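> Next come a sequence and a model predicted from it.
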Amino acid sequence: MTVELLFFYWYVPNKNFSLKAKLLNSFVILLLAVLTIFLPDLYVWLISLMYLSGYIYLYYNSRSLIYSVWYTLLAYVIIQVSETSTYHVVDDLIILENMNIIKGWMLFTFVTCIEITIFLLLIYCTKKIKNDIELLGYINSLSKKIKITIIIYCIIFILIAYLQGFQARMSEASYWFDNIILFFLVVIFIGVLYFLTSIESYRNEVKQLNTIFKQEIERTKEIKKFRHDYKNILLSLQIYLAENNIDEAKMLLEEISGYSNSILTDNMFRDLNKIKIIPVKSILFFKIKEAMDKKIKINFHVNEELNKASINTLDFVRVLSNIIDNAIEACVEIKEDPYISILIFRRSEFLVIEIENNYLDKEEGFFNNLTKAGFTTKNNHEGIGLFYLSNLVNTNSNINYSIEKNKHFFKVMILINILPD
């Protein structure tokens with residue numbers, strides 16, 4: 001158990017704790033383990049102090065009560081399950097030892113290997129679950145009442161665990177009964193956390209989509225206002241020409257030309273209206289407008305209506321935003337004829353999105369790093385390269401992508417499965 005506990009505290013918590021703190025916690029646990037040999041009557045209390053040492057170690061480094069309680073309970077459950085899983089196997093092997101069929105050292109080696117294997121398997125599953133669901137990232141955003149409820153729940157769990165420790169020496173039936181209760185408490189705890197995180201994730205998604213929708217409404221109002229003002233501008237131009245005021249007319253034309261370059265054409269509006277997924281339409285509008293404001297030439301075309309997609313809408317928006325941001329950032333560095341092309345069309349059972357831009361040739365290895373975590377083409381690490389898209393493809397079979405490039409152009413092609421009507 002001691003080795004398992006040490007391994008857990010060194011490997012599982014994902015925060016970068018100091019080496020000094022890890023060594024101090026390991027020393028305390030080893031010292032308590034030695035004391036259990038000389039003070040067997042205090043075994044339960046000494047084991048409890050091991051977990052308490054682990055809790056103090058976690059809280060001192062993270063300053064998070066929920067984080068510390070979560071990992072302390074997780075350590076207890078994993079070690080308890082790995083030890084309990086070998087319980088009946090040990091009984092059978094002891095019988096074989098008493099019959100002189102196997103040696104004592106063989107029994108010890110075999111049982112140790114089984115327990116370590118189960119422990120490592122549980123650790124692996126824990127790491128996978130933690131990475132995929134990201135439970136702890138949501139716990140801190142829960143309300144104070146829910147946090148208090150979780151703490152009370154954990155206290156009940158600890159009390160039952162203590163009771164189990166004392167009853168283990170008195171009654172096997174009580175020991176297994178407490179094990180069953182603890183197991184169901186853990187299942188309920190994880191289930192409730194998963195349910196709460198799912199709700200929180202859904203709320204965040206709705207909030208972001210609502211923000212995008214409000215932004216689109218504001219932008220639409222701006223365009224309508226411009227069209228109304230445009231008529232007045234044309235009337236002013238007509239008056240200047242009627243009065244033969246050529247200089248004023250030229251200045252007004254230059255002003256109109258400069259502002260018009262940042263306004264989408266009728267063809268672009270027609271193509272945008274083919275996209276019926278409001279958040280996707282909205283992000284395309286904003287990014288095209290942003291590119292045009294930065295004097296980047298835009299070619300945008302949608303060949304048929306887009307009503308739904310086989311990936312999460314928020315993922316769809318993030319992918320488009322990320323890639324177009326990268327294209328804009330690359331074009332800003334170009335002094336002559338920066339260019340971005342966005343084509344959306346259907347090919348067989350796939351929706352194809354092609355985003356192409358020109359760029360300044362980068363050093364060797366630049367494109368190999370684009371899909372790596374933390375890599376960015378922006379200052380202060382504001383961008384995330386193509387890492388988000390790469391990660392989404394790895395976790396979702398409904399989307400794929402490819403990259404093409406030469407010395408002057410860079411193109412990302414995204415393929416999304418089309419849902420049947």
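Sure, I can see it.
> What are the boundaries of the strands in the stretch 301-421 of the chain?
Using DSSP state E, counting those that start in this stretch, the strands found in the stretch 301-421 of the chain span residues 339-347, 350-358, 399-405, 409-417.
> can you tell which of those is closest to L35?
Among these, the nearest to L35 by C-beta to C-beta is strand 399-405 (56.2 Å). Heads up, the C-betas are built off the backbone N, CA and C, glycines and all.
> what angle do the closest one and strand 350-358 make?
30 degrees (axes from the mean of the first three to the mean of the last three C-alpha atoms, to 10 degrees).
> which strands and helices sit next to strand 399-405?
helix 387-395, strand 409-417 (3 or more C-beta pairs under 8 Å, 6 or more residues apart in numbering; DSSP states H and E).
> buried set for stretch 336-344?
Counting neighbours by 16 or more other C-beta atoms under 10 Å, one finds that the buried residues in stretch 336-344 are P338, Y339, I340, S341, I342, L343, I344.
> Check stretch 275-285 too.
I275, I277, P279, V280, K281, S282, I283, L284, F285.
> Tell me the one of the residues you listed nearest V206?
P279 (10.8 Å).
> Confirm that that closest one sits in a helix.
Yes. Assessed by DSSP: H, G, I helix; E, B strand; the rest coil, P279 belongs to a helix.
> any idea how far L65 is from it?
Per C-beta to C-beta, to the nearest Å, P279 is found 37 Å from L65.
> One more: F8?
Per C-beta to C-beta, F8 is found 19 Å from L65.
> Same drill for those two, tell me which one is more crowded.
With neighbours defined as other C-beta atoms under 10 Å, F8 and L65 compare such that F8 has more, 22 against 15.
> what about stretch 392-410, how long is it end to end?
Start-to-end span of stretch 392-410 (C-alpha to C-alpha, to the nearest Å) is 21 Å.
> Give me the residues contacting it.
Here stretch 392-410 makes contact (C-beta atoms under 8 Å, 6 or more residues apart in numbering) with 310-311, 315, 319, 327, 330, 356-359, 361, 367, 370, 386, 389-390, 411-417.
> In PyMOL, select just the buried ones from the residues you listed.
Those of the contacts of stretch 392-410 that count as buried under 16+ other C-beta under 10 Å are selected in PyMOL with:
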select buried, resi 310+311+315+319+327+330+356+357+358+359+370+386+389+411+412+413+414+415+416+417
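> what bridges to the residue lying closest to E304 once chain neighbours are set aside?
Nearest residue to E304, sequence neighbours excluded (C-beta to C-beta, 6 or more residues apart in numbering): R346, at 5.8 Å. Following DSSP bridges, R346 is listed with bridge partners L351.
> quick revisit: please tabulate the helices and strands packed on strand 399-405 in a markdown table, including the columns distance to H301 and mean pLDDT.
Formatted as a markdown table, the helices and strands packed on strand 399-405 follow (distance: least, C-beta to C-beta, whole Å; pLDDT from 0 to 100):
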| stretch | distance to H301 | mean pLDDT |
| --- | --- | --- |
| helix 387-395 | 22 | 75 |
| strand 409-417 | 15 | 89 |
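> of those, which approaches L52 most closely?
Nearest of the helices and strands packed on strand 399-405 (C-beta to C-beta): helix 387-395, 38.1 Å.
> Just the C-alphas of stretch 316-331, formatted as CSV.
In CSV, the C-alpha atoms belonging to stretch 316-331 read as follows (Å, rounded to 0.1, in the frame of the first residue of the first chain):
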residue,chain,number,x,y,z
PHE,A,316,-17.7,24.2,-35.8
VAL,A,317,-17.4,27.9,-34.9
ARG,A,318,-14.1,27.4,-33.0
VAL,A,319,-12.5,25.6,-36.0
LEU,A,320,-13.6,28.3,-38.5
SER,A,321,-12.5,31.1,-36.2
ASN,A,322,-9.1,29.5,-35.5
ILE,A,323,-8.2,28.8,-39.1
ILE,A,324,-9.5,32.2,-40.5
ASP,A,325,-7.6,34.0,-37.7
ASN,A,326,-4.4,32.2,-38.7
ALA,A,327,-5.0,33.2,-42.4
ILE,A,328,-5.6,36.8,-41.4
GLU,A,329,-2.5,36.9,-39.3
ALA,A,330,-0.4,35.5,-42.1
CYS,A,331,-1.9,38.0,-44.6
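> do you know how far F38 is from I283?
From F38 to I283 the distance is 67 Å (C-beta to C-beta).
> One more: L351?
Taking C-beta to C-beta, one finds L351 at 16 Å from I283.
> what do you get for G54?
46 Å.
> returning to what we had before: let me have the helices and strands packed on strand 399-405 in a markdown table, extended by distance to F300.
Formatted as a markdown table, the helices and strands packed on strand 399-405 follow (distance: least, C-beta to C-beta, whole Å):
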| stretch | distance to F300 |
| --- | --- |
| helix 387-395 | 20 |
| strand 409-417 | 15 |
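> Of all those, which one is nearest I152?
Across those (criterion: C-beta to C-beta), the nearest stretch is helix 387-395, sitting at 35.2 Å.
> orientation of that closest one relative to strand 399-405 in degrees?
Using the same axes, to 10 degrees: helix 387-395 against strand 399-405 is 130 degrees.
> between helix 387-395 and strand 409-417, how big is the angle?
Going by the same axes, to 10 degrees, helix 387-395 makes 30 degrees with strand 409-417.
> about what we covered before: could you work out the most separated pair of the buried residues of stretch 275-285?
Going by C-beta to C-beta, the pair spanning the buried residues of stretch 275-285 furthest: I277 and F285, at 12.4 Å.
> what's the neighbour count on L392?
Neighbours of L392 (other C-beta under 10 Å): 21.
> Low-confidence stretches in the stretch 201-350 of the chain?
Within the stretch 201-350 of the chain, the ranges that satisfy pLDDT under 70 run 201, 212, 215-216, 219-235, 237, 252-266.
> residue ranges of the helices in it, please?
246-260, 266-272, 278-293, 313-332 (DSSP state H, counting those that start in this stretch).
> Now render those as a markdown table, adding distance to Y401.
Formatted as a markdown table, the helices of the stretch 201-350 of the chain follow (distance: least, C-beta to C-beta, whole Å):
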| stretch | distance to Y401 |
| --- | --- |
| helix 246-260 | 35 |
| helix 266-272 | 22 |
| helix 278-293 | 16 |
| helix 313-332 | 9 |
